[in-house]
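**Q** Curious how this folds, go ahead:
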Amino acid sequence: MKVLVIGSDGQLGSEIKELVSNYSKLEFVFKDLPDLDICDADLLNSFIKENNINAVINCAAYTAVDKAEQNFEISEQVNSGGVKNLTNALEKVDGKLIHISTDYVFDGSNSEPYKESDPVNPLGAYGKTKRDGELFVINSAIDSIVIRTSWLYSSFGNNFVKTMLRLGYKKNLLSVISDQIGTPTYARDLAKVCLDLISISCVERMSKKGKVYHYSNEGVTSWYDIAITVMELSGSNCKVKAIQTTDYPTLAKRPYYSVLNKTKIKKDFIIDIPYWKDSLKDCINKLKQ
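**A** Residues are numbered from 1 along each chain as shown. Alright, predicted model coming up:
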């Protein structure tokens, strides 16, 4: 089977690149902008057909949450229209899809971990356009899976963990939000799950109508607690001060609570999910190397 990974230069795509040698039965093609733009339907159709693509892992997205409030059209083109183009192209070749979505489809009003069946209510442009993209996958005729994840970080790209590491060595004090509750996701853990699900052993279990799954690391924490843990694991002497969301206003509203329930993905695909502190330690050790 030939698998196209779109958005391959991002955090998740880069982690997938590092792991593909463990999946020798699959052939992989990696593409990102400017070589392949999912907003260009004709280009996408031609590429998938001419390269005999059987399956896609879609990591491409417009993820600038605050900028999306000012650039709604761009966010919509990528997160919604681009996904529509992708599902249409795969329908023509009877292809399969794993599409990555987000906890931002929820409004954060829950007091217990969000299940896949819970009502969605995105607070801003990013969450809304990602939800629209989900619906194109769910309502398509292809074998497909939507994986919602949260608070993604990696040794690649720009993310909260790397920012805390960098600032922790430069500053004596950092102020970090403590009243937003969720769970971080090490992109390397999610990359392995995506590869396992797209492999031969799991393909037959994909739904014809699309299924939604939740994946993050295990546990519950806050941005403040993550920052504290980063300083401890890295050996930094930087102090971390807890602040409220109201102390750090942003263009886009963030869900106050976005813990995801992973029972469904663990049950359906018999997977173990690492605890967030263990995965954070792995990532920081990798960065130290």
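**Q** all helices for this protein, in order.
**A** With DSSP state H as the criterion, the chain has helices at 11-19, 41-50, 65-70, 72-76, 82-93, 125-138, 160-170, 187-198, 200-203, 223-234, 263-269, 276-288.
**Q** Can I get the fourth one in PDB, CA atoms only?
**A** Which is helix 72-76. The C-alpha atoms that make up helix 72-76 are tabulated as PDB, following Å, rounded to 0.1, in the frame of the first residue of the first chain:
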ATOM      1  CA  PHE A  72     -11.000  33.300   8.400                       C
ATOM      2  CA  GLU A  73     -11.000  32.700   4.600                       C
ATOM      3  CA  ILE A  74      -7.500  31.200   4.700                       C
ATOM      4  CA  SER A  75      -8.300  29.000   7.600                       C
ATOM      5  CA  GLU A  76     -11.500  27.900   5.900                       C
END
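**Q** Give the buried residues for that helix.
**A** Phe72, Ile74, Ser75, Glu76 (16 or more other Cβ atoms under 10 Å). Using the backbone N, CA and C atoms, a C-beta is placed for each residue, glycine as well.
**Q** Ile57: which of the helices of the chain is closest?
**A** When these are compared by Cβ to Cβ, helix 187-198 sits nearest Ile57, at 5.2 Å.
**Q** sorry, back to before: among the buried residues of helix 72-76, which one lies nearest to Ser150?
**A** Checking the buried residues of helix 72-76 one by one against Ser150 (Cβ to Cβ), the nearest turns out to be Ser75, at 18.3 Å.
**Q** pretty sure the closest one is touching Gly127, no?
**A** No. In this structure Ser75 lies outside contact range of Gly127 using Cβ atoms under 8 Å: 9.9 Å.
**Q** quick one on the thing from earlier: compare the mean pLDDT across the helices of the chain and name the weakest.
**A** Mean pLDDT values for the helices of the chain show the minimum at helix 200-203, a mean of 56.
**Q** who touches Glu112 in this structure?
**A** Val259, Asn261 (Cβ atoms under 8 Å, 6 or more residues apart in numbering).
**Q** change the start of the numbering to 304 and stick with it
**A** Yes, from this point I'll number from 304; that puts the last item at Glu415.
**Q** which non-adjacent residue is nearest Lys418?
**A** Asn564 (4.7 Å; Cβ to Cβ, 6 or more residues apart in numbering).
**Q** Neighbours of the one you found, how many?
**A** Number of residues near Asn564 (other Cβ atoms under 10 Å) recorded here: 17.
**Q** and it, what does it touch?
**A** By Cβ under 8 Å, 6+ apart, the neighbours of Asn564 are Glu415, Pro416, Tyr417, Lys418, Glu419, His517.
**Q** farthest-separated two in the residues you listed?
**A** Within the contacts of Asn564 (distances taken as Cβ to Cβ), the two that end up farthest apart are Glu415 and Glu419, at 13.7 Å.
**Q** quick one: which of the contacts of Asn564 has the most company?
**A** In the contacts of Asn564, the most neighbours by other Cβ under 10 Å go to His517, 25 neighbours.
**Q** gap between that one and Val523?
**A** Per Cβ to Cβ, to the nearest Å, His517 is found 14 Å from Val523.
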